[in-house]
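> What shape does this take:
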Amino acid sequence: FRSLAEVKIAEALDRAGVLFFPNATARLTTAEGRTNQTPHFLVCSDGKLGILVVNREEDEVETDRLLQSQGILIIHHYPVTECTEESDRVVLEF
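Numbering: from 1, shown residues only. Modelled structure (predicted):
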């Protein structure tokens with residue numbers, strides 16, 4: 001994990017008992033060609049795939065669009081502070 005916030009979210013996902021892939025690399029086609037993106041958490045629950053992102057960055061807007069175009073429609077971003085201090089609530093909300 002790359003930060004304490006990611007550790008806290010992983011622990012909360014473990015407590016929730018859901019399948020998740022931390023820092024899974026996705027291979028996407030962009031206007032510039034093929035590229036790798038590494039979402040913080042790919043979460044599988046109740047037959048749905050979603051991405052939980054710790055701390056939104058401006059350059060992630062385009063990544064969100066690319067992932068959504070591939071069928072991952074649930075992408076939520078949460079601030080580091082919330083992920084660190086309220087990880088169980090963040091996971092439950094997600």
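> chain center to stretch 77-88: distance?
12 Å (CA atoms, centre = their mean, to the nearest Å).
> My error: substitute stretch 2-16 in the last question.
Counting by CA atoms, centre = their mean, stretch 2-16 is centred 11 Å from the centre of its parent chain.
> Output it as CSV, nothing but the C-alphas.
Coordinates of the C-alpha atoms in stretch 2-16 are reproduced here as CSV (Å, rounded to 0.1, in the frame of the first residue of the first chain):
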residue,chain,number,x,y,z
ARG,A,2,1.2,3.5,-0.8
SER,A,3,-0.2,5.3,2.2
LEU,A,4,-1.8,4.9,5.7
ALA,A,5,-5.1,5.8,4.2
GLU,A,6,-4.9,2.9,1.8
VAL,A,7,-4.0,0.5,4.7
LYS,A,8,-7.0,1.7,6.6
ILE,A,9,-9.3,1.2,3.6
ALA,A,10,-7.9,-2.3,3.0
GLU,A,11,-8.5,-3.2,6.7
ALA,A,12,-12.1,-1.9,6.5
LEU,A,13,-12.7,-3.9,3.3
ASP,A,14,-11.4,-6.9,5.1
ARG,A,15,-13.8,-6.3,7.9
ALA,A,16,-16.6,-6.0,5.4
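> got the buried residues for it?
The neighbour-count criterion (16 or more other CB atoms under 10 Å) identifies A5, E6, K8, I9, A10, A12, L13 as the buried residues of stretch 2-16. Where C-beta positions appear, they are placed from N, C-alpha and C, glycine not excepted.
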